[in-house]
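1. no sequence for this one, just the structure:
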């Protein structure tokens, strides 16, 4: 949680954590500035002190919504240095140097994080380091503690994720109902007007319904059938018609409006009917899902549930990343990941991750099986909160039915 | 344009440009991978050679849509190094080292760009530099040539921006018509059912209409009235009711679906009536806008139109960033900016920017006047293409009316 940052900074012997960039698609800055919208900025967090924010004077009020002290580039001399050097890059180096001086950070260990244009800041911090040789600039060390703080969610954060999840499964339920009104023609799903249902049309409808719920889909959504469902990161072909009897992977990962928290959820549905082979593979994925939920406990290393699921799949003859690193068939990804202001954050439930699970962690549990050559893929995913007693709680329940009956 | 990269790399004496990160909110990678969706990756561009892409094996097919040769982290030994070191950060350093070896980049000048988590890559590239001491890793130098290439748009790029613009002004026209059906009650705008129109409701409607057009609003939109309109980066208060006789700044900056090109457009409307003071200030902004459009010519330094507009405003007693650096009243921002895969890219029409305008540049022209203490702000913005003859062409026309008549 946010208040852990003081302890974590001290443990890592860091004199400050610096966060670069704006609040859009930059979870690090959003964590420090939960409201308002910044196009750029710098947050300086020293142990035992509230963060201070440095922003453009145009964004002073937006930054002020955070409640932290706000300063402007102007106060650090940006326009003065621009007139003196007539070079924006130089002016930024001098501005940052001034901020470091004002913040008392001309020596010591300072870690820099944030999602920004790498080329600009790589150059800026090298020049800054030449001007402040007593300063040690670090990267990973800061990211590590920030991810550790963010991994444990406050009750308010959990409630926001849950509320978004409830809005999401309401839409998922509507999609199930809607597809159920379809009938088939030559193996394709058609609506009451006899029009073929394409993946593009279904995705468009989902986007409208999510917008009605006030949620964003910044990375789109996966609605993929057949071979595409067998490739975990395939989004689905817009023009492809939906076919009866082929599993659809429906993975939706919305974010609250205004760069808030994520939720992540997947079901696999086979419209109309399913082959016995598909039924059997789906049953294994679902069993692996329950197995993972039974396994997870606070205190346990994050790889443990992953290993249990691999044991289960391997015993049934499926390749996994343990048996075939880089495999594109079988269980080809991790078991899950933390989520919050980023769709993927700590902890990751994967091989070798010894990080212990803790109360307050919010993670996805999403085993899957993928056989693209056979035109099939399956995944079941819930977002899970490790409660105060250290047990996993599925944040939002939704049925696990596989065959989606067509009533049209 | 993309094909300029070879010449620009040679002129900058760079052996390669490296692009980091995925295609979401990362214009640098989207420029190399125009279709498909990557959650991460590395593009290596050497002068005179097609780029090569390095990605996760899960995203091999998505990357392949670019038509460039695709390799996987696995091929560069990632899983092998992970087993050897049991440390993901170490494994990434060794994987990048292997890629640099395979690409023949163990010495020379290599520039790295892309919007990524700074902390991770700051550490990774420092460790890489220790292992490859003959290598010089640069930042700004690569960003500069990438921005220069991207600044001049191909006819296809211009056409995409124009098409998005046409979809946008269709929605803007609908908003004008819709607000025109309102009537006033106690100075507030109410709809036919007598319900007060809030900024939140108007924004929600605009979001629906833009989604219908297939466009995204990744940074939201500005619909701000009164004092908020006087602060250029204020988005507008969701709960605030629309008031008659107060100028609204309506700034919309959509992006094509799937991380494509941006368009940028602003009008200022005063619902029902306007004070004579507001009318006069708006007329000045509009005149400055026309003045800027008359001034722009290829070959001219990018600051020239900005300076002409400042001359005009200063002669009428308004502060500008030239007369009062950091001012929050008067003309408080630049005249405009390039746009493309980023909402703000080169060239920027601002003080001191000597970069010459070129045919193929696409820039916004957006003079404004801001008086937050008087509860007023005004901005007029069009997206402009510098045509083959070097003259500016407003990509999509839309009327400049200020007073929005209420017919309800």
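-> Nice, I can see it. Please read all numbers here as calculations on a predicted model, not as lab measurements.
2. quick one: is stretch A:328-337 near chain B?
-> Yes: figure legend: stretch A:328-337 in contact with chain B (C-beta under 8 Å from any C-beta of the partner chain); contacting residues A:328, A:332, A:333. Using the backbone N, CA and C atoms, a C-beta is placed for each residue, glycine as well.
3. of the residues you listed, closest to chain B?
-> residue A:328 (5.8 Å; C-beta to the nearest C-beta).
4. how many residues are close by the closest residue to the closest one other than its chain neighbours?
-> Among residues not flanking residue A:328 along the chain, residue B:57 sits closest, at 5.8 Å (C-beta to C-beta, 6 or more residues apart in numbering or on different chains). Counted with other C-beta atoms under 10 Å in any protein chain shown, the neighbours of residue B:57 add up to 19.
5. ok, now how distant is residue A:361 from chain B?
-> Shown here: residue A:361 relative to chain B, a distance of 19 Å by C-beta to the nearest C-beta, to the nearest Å.
6. cool, residue A:58 as well?
-> Noted for residue A:58: a distance of 5 Å to chain B, by C-beta to the nearest C-beta.
7. wait, is that residue part of a strand?
-> No: the secondary structure assignment for residue A:58 gives helix rather than a strand, going by DSSP: H, G, I helix; E, B strand; the rest coil.
8. what parts of the stretch 201-350 of chain A come near chain B?
-> With the criterion set to C-beta under 8 Å from any C-beta, the stretch 201-350 of chain A comes near chain B through A:207-208, A:211, A:218-220, A:231-235, A:258, A:321, A:325-326, A:328, A:332-333.
9. got a quick ChimeraX command for the buried subset of these?
-> Written as a ChimeraX command, the selection of buried residues from these, which uses 16 or more other C-beta atoms under 10 Å in any protein chain shown, is:
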select /A:207,211,218,219,220,231,232,233,234,235,258,321,325,326,328,332,333
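10. doesn't residue A:172 make contact with residue A:213?
-> No: applying C-beta atoms under 8 Å as the test, residue A:213 and residue A:172 come out as separate, 11.1 Å apart.
11. who has more neighbours out of those two?
-> More neighbours surround residue A:172 than the other of residue A:213 and residue A:172, with 20 against 16 (other C-beta under 10 Å).
12. ok, and the closest non-adjacent residue to that one?
-> In this structure, residue A:172 finds its nearest non-sequential neighbour in residue A:398, 6.3 Å apart by C-beta to C-beta, 6+ apart.
13. state the distance from the closest residue to residue A:296 other than its chain neighbours to residue B:271.
-> The shortest distance from residue A:296 to any non-neighbouring residue, by C-beta to C-beta, 6+ apart, is to residue A:392 (4.3 Å). As defined by C-beta to C-beta, to the nearest Å, residue A:392 lies at a distance of 53 Å from residue B:271.
14. do residue A:288 as well
-> 58 Å.
15. which of those two has more neighbours?
-> When residue A:288 and residue B:271 are compared for neighbours, residue A:288 comes out ahead with 28 against 23, by other C-beta under 10 Å.
16. in which helix or strand would I find that one?
-> Secondary structure assigned from DSSP states H and E places residue A:288 in helix A:276-295.
17. in terms of secondary structure, what does that helix contact?
-> Under the contact criterion of 3 or more C-beta pairs under 8 Å, 6 or more residues apart in numbering or on different chains; DSSP states H and E, helix A:276-295 touches strand A:265-271, helix A:303-315, strand A:362-365, strand A:368-371, strand A:376-379, strand A:382-386.
18. adding mean pLDDT, write the ones you listed out as JSON lines.
-> Below are those laid out as JSON lines (pLDDT from 0 to 100):
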{"stretch": "strand A:265-271", "mean pLDDT": "98"}
{"stretch": "helix A:303-315", "mean pLDDT": "98"}
{"stretch": "strand A:362-365", "mean pLDDT": "98"}
{"stretch": "strand A:368-371", "mean pLDDT": "98"}
{"stretch": "strand A:376-379", "mean pLDDT": "97"}
{"stretch": "strand A:382-386", "mean pLDDT": "98"}
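19. now these in CSV, with distance to residue A:149?
-> CSV is the format used below for the helices and strands packed on helix A:276-295 (distance: least, C-beta to C-beta, whole Å):
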stretch, distance to residue A:149
strand A:265-271, 25
helix A:303-315, 22
strand A:362-365, 14
strand A:368-371, 30
strand A:376-379, 30
strand A:382-386, 16
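20. quick check: closest non-adjacent residue to residue A:103.
-> With sequence-adjacent residues excluded and distances taken as C-beta to C-beta, 6+ apart, residue A:103 is closest to residue A:44, at 5.2 Å.
21. what about that neighbour, which SS state?
-> Local secondary structure at residue A:44 is given as strand here, using three-state DSSP.
22. how close does the closest residue to residue A:150 other than its chain neighbours sit to chain B?
-> If the residues on either side of it in the chain are set aside, residue A:150 comes closest to residue A:340, at 5.6 Å by C-beta to C-beta, 6+ apart. In this view, residue A:340 and chain B are 15 Å apart by C-beta to the nearest C-beta.
23. surely residue A:340 is in a helix?
-> No: counting by three-state DSSP, residue A:340 is not found in a helix; it is coil.
24. ok, it - how many residues close by?
-> Applying other C-beta under 10 Å, we find 25 residues neighbouring residue A:340.
25. quick one, what contacts the residue nearest to residue A:328?
-> Neighbour list for residue B:57: A:326, A:328, B:72, B:73, B:74 [criterion: C-beta atoms under 8 Å, 6 or more residues apart in numbering or on different chains].
26. quick one: which two of these are the most distant?
-> Taking C-beta to C-beta as the measure, the contacts of residue B:57 span a maximum distance of 13.0 Å, between A:328 and B:73.
27. what's downstream of the worst-scoring helix or strand of chain A on mean pLDDT, the next helix or strand?
-> Taking mean pLDDT, DSSP states H and E as the measure, chain A has helix A:60-64 as its least confident helix or strand, at a mean of 90. Elements were assigned by DSSP H and E; along the chain past helix A:60-64, the next helix or strand is strand A:70-72.
28. could I get the average pLDDT for that following strand?
-> What strand A:70-72 shows for mean pLDDT is 96.
29. which helix or strand lies directly C-terminal to the helix of greatest length in chain A?
-> The helix of greatest length in chain A, counted in residues with DSSP state H as the criterion, is given as helix A:155-180. Where DSSP H and E defines the elements, the next helix or strand beyond helix A:155-180 is strand A:183-185.
30. in that following strand, what counts as buried?
-> When neighbours are counted by 16+ other C-beta under 10 Å, the buried residues of strand A:183-185 are found to be residue A:184.
31. walk me through which strands that strand pairs with, and which way each runs.
-> Strand partners for strand A:183-185, identified by DSSP bridges, are recorded as strand A:188-190 (antiparallel).
32. contacting residues around the partner strand?
-> Outside strand A:188-190, the residues that touch it by C-beta under 8 Å, 6+ apart are A:179, A:182-184, A:196-197, A:241-244, A:271-272, A:406, A:408.
33. also stretch A:273-285?
-> A:244-245, A:247, A:268, A:270, A:312-313, A:316, A:318, A:367-369, A:371, A:374, A:376, A:378-380, A:402-403.
34. before we move on, back to that, in ChimeraX, select just the buried ones from the contacts of strand A:188-190.
-> Per 16+ other C-beta under 10 Å, the buried members of the contacts of strand A:188-190 correspond to this ChimeraX selection:
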select /A:179,182,184,197,241,242,243,244,271,272,406
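35. closest one of the contacts of strand A:188-190 to chain B?
-> Of all the contacts of strand A:188-190, the one sitting nearest chain B is residue A:197; the distance, using C-beta to the nearest C-beta, is 18.2 Å.
36. list phi and psi for the nearest residue in space to residue A:170 that is not next to it in sequence.
-> Nearest residue to residue A:170 in three dimensions, chain neighbours excluded: residue A:213, at 7.1 Å (C-beta to C-beta, 6+ apart). With angles defined as degrees, to the nearest 10, residue A:213 sits at phi -80, psi 0.
37. got the contact list for residue A:213?
-> When contacts are counted by C-beta under 8 Å, 6+ apart, residue A:213 is found next to A:167, A:168, A:170, A:171.
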